[in-house]
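J.: Can you look at this prediction? I've put the sequence above it.
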Amino acid sequence: MLPSATEILFAIGAGDDVVAVTHECDYPPEVLGLPRVTASTGPEVHDPGEIDRHVRASVHAGSSLYTLDVALLERLLPDIIVTQELCAVCAVSYDFVERAAKRLRSDPRIVSLEPSSLDDVLANIQFLGQITGRSKDTEQLLGSLRLRAEALRRRPENRRPRTLLLEWTDPPMSAGHWIPGLIELAGGTPILADPGANSRRLEWDAIAATDSDAVIVAPCGFDLAKTRSAIERLASVPQWRTLRAVREGRVLALDGNAYVSRPGPRLVDTAETIAQWYTSVAEYAG
């Protein structure tokens, strides 16, 4: 019931056991041919401000952002449903899934993943490996991920650029949960961030006052093309234009959908990408 779980299951060798995914599951490519049990109820829009207004209006009205094909689930008879309680905006809510599961003859086990840090994500991977009987492949994956993370921690301690990561752009939203930890792992210092907690709305004047060394833009659910479009729209915001990092070209656009807002194995790729970007930016004026 969430793309990160789909990625994890395929990464630990349990892909052949996956009988259905959500409409947002797109990695690895093998998932594209699987049945989809969810759909979005919202309009197809790309403007961050418009999306925010739609989401807030739906939440205020008590409407779900997604539909769930219970009839298809009944035909598939899953033994395990992997879902989450972390964010009702990012995926079908846990309560919705739980009510649907009670109607299924297979009486599936519901597994809810609630990561708030990279360590939590690794623990989730280990847990899914255990319940799917893929412990050996899982330990190999975890060993590789931990070695790569340790290699980042052993990098020479140079200046740690003060980094603002925007998880949304209109309105601007802070980096929450595991994201500040990724910035630290990459060698930076997160600012206006909320480690282990939900992202929150930021004020542009507060952003301008930080005078950050670097800015990363990675809107939740946006691919790289949409992220770049969102950055272009920020040119109309006076405080954005005055940021030193913006004026001096230290803005990194990331595929938030694949590498930032999805708590799966590719989070280590994200930390490596940010670390490499730090080395490519010559100086951080203080």
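T.: Arrived safely, thanks for sending.
J.: how's this structure carved up into domains?
T.: Using automatic domain parsing, the domain ranges for the chain come out as 3-116, 159-280.
J.: Confidence-wise, which of those is weakest overall?
T.: Mean pLDDT values for the domains of the chain show the minimum at domain 3-116, a mean of 83.
J.: how long is that one from one end to the other?
T.: When the termini of domain 3-116 are compared using CA to CA, to the nearest Å, they are 16 Å apart.
J.: Look at the closest residue to residue 247 other than its chain neighbours and say how many residues are nearby.
T.: Spatially, and ignoring its direct neighbours in sequence, residue 247 is nearest to residue 241 (7.7 Å; CB to CB, 6 or more residues apart in numbering). No exception for glycine: its C-beta is placed from N, CA and C like everyone else's. Neighbourhood size, residue 241 [other CB atoms under 10 Å]: 12.
J.: Could you measure from residue 241 over to residue 94?
T.: 41 Å (CB to CB, to the nearest Å).
J.: about what we covered before: and the helix or strand harbouring the residue nearest to residue 247, how far out from the chain's middle?
T.: Element membership for residue 241 (DSSP states H and E) is helix 238-242. On the basis of CA atoms, centre = their mean, to the nearest Å, helix 238-242 sits 26 Å off its chain's mean C-alpha point.
J.: Go through that helix and flag the buried ones.
T.: Within helix 238-242, the residues scored as buried using 16 or more other CB atoms under 10 Å are 239-240.
J.: Start at 318, not 1
T.: In the new numbering, first residue 318, that becomes helix 555-559.
J.: Give me the helices and strands touching that helix, please.
T.: Judged by 3 or more CB pairs under 8 Å, 6 or more residues apart in numbering; DSSP states H and E, the packing partners of helix 555-559 are helix 521-527.
J.: The next helix-or-strand element following the helix it packs on packs against which elements?
T.: Going down the chain from helix 521-527, the next helix or strand is strand 531-534, by DSSP H and E. Secondary-structure packing of strand 531-534 (3+ CB pairs under 8 Å, 6+ apart): strand 479-483, helix 541-550, helix 561-564, strand 568-570.
J.: looking at the ones you listed, which is buried most?
T.: Mean neighbour count, computed with mean count of other CB atoms under 10 Å, is highest for strand 479-483 among the helices and strands packed on strand 531-534, reaching a mean of 26.
J.: Other residues contacting that one?
T.: With contact meaning CB atoms under 8 Å, 6 or more residues apart in numbering, strand 479-483 is reached by 489-492, 496-497, 500, 505-510, 519, 524, 527, 529-536, 562, 577.
J.: was I right about the residue nearest to residue 564 contacting residue 552?
T.: Yes. Residue 558 is within contact range of residue 552, at 6.6 Å (criterion: CB atoms under 8 Å).
J.: need the domains of the chain in a markdown table with distance to residue 453, can you?
T.: Below are these laid out as a markdown table (distance: least, CB to CB, whole Å):
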| stretch | distance to residue 453 |
| --- | --- |
| domain 320-433 | 8 |
| domain 476-597 | 16 |
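J.: most neighbours per residue, which of these?
T.: domain 476-597 (a mean of 20).
J.: distance between the ends of it?
T.: 14 Å.
J.: same thing with stretch 337-347?
T.: Start-to-end, stretch 337-347 (CA to CA) is 12 Å.
J.: so where do the helices sit in the protein?
T.: 320-328, 365-378, 387-393, 411-418, 435-448, 452-470, 496-503, 521-527, 541-550, 555-559, 561-564, 573-576, 584-597 (DSSP state H).
J.: Nearest to residue 429, out of the ones you listed?
T.: For residue 429, the closest of these is helix 411-418, at 5.7 Å, according to CB to CB.
J.: What lies in contact with the closest one?
T.: 318, 381, 383, 385, 387, 390, 398, 400-402, 424-425, 427, 429.
J.: picking that back up, nearest to residue 337, out of the helices and strands packed on strand 531-534?
T.: helix 541-550 (26.1 Å).
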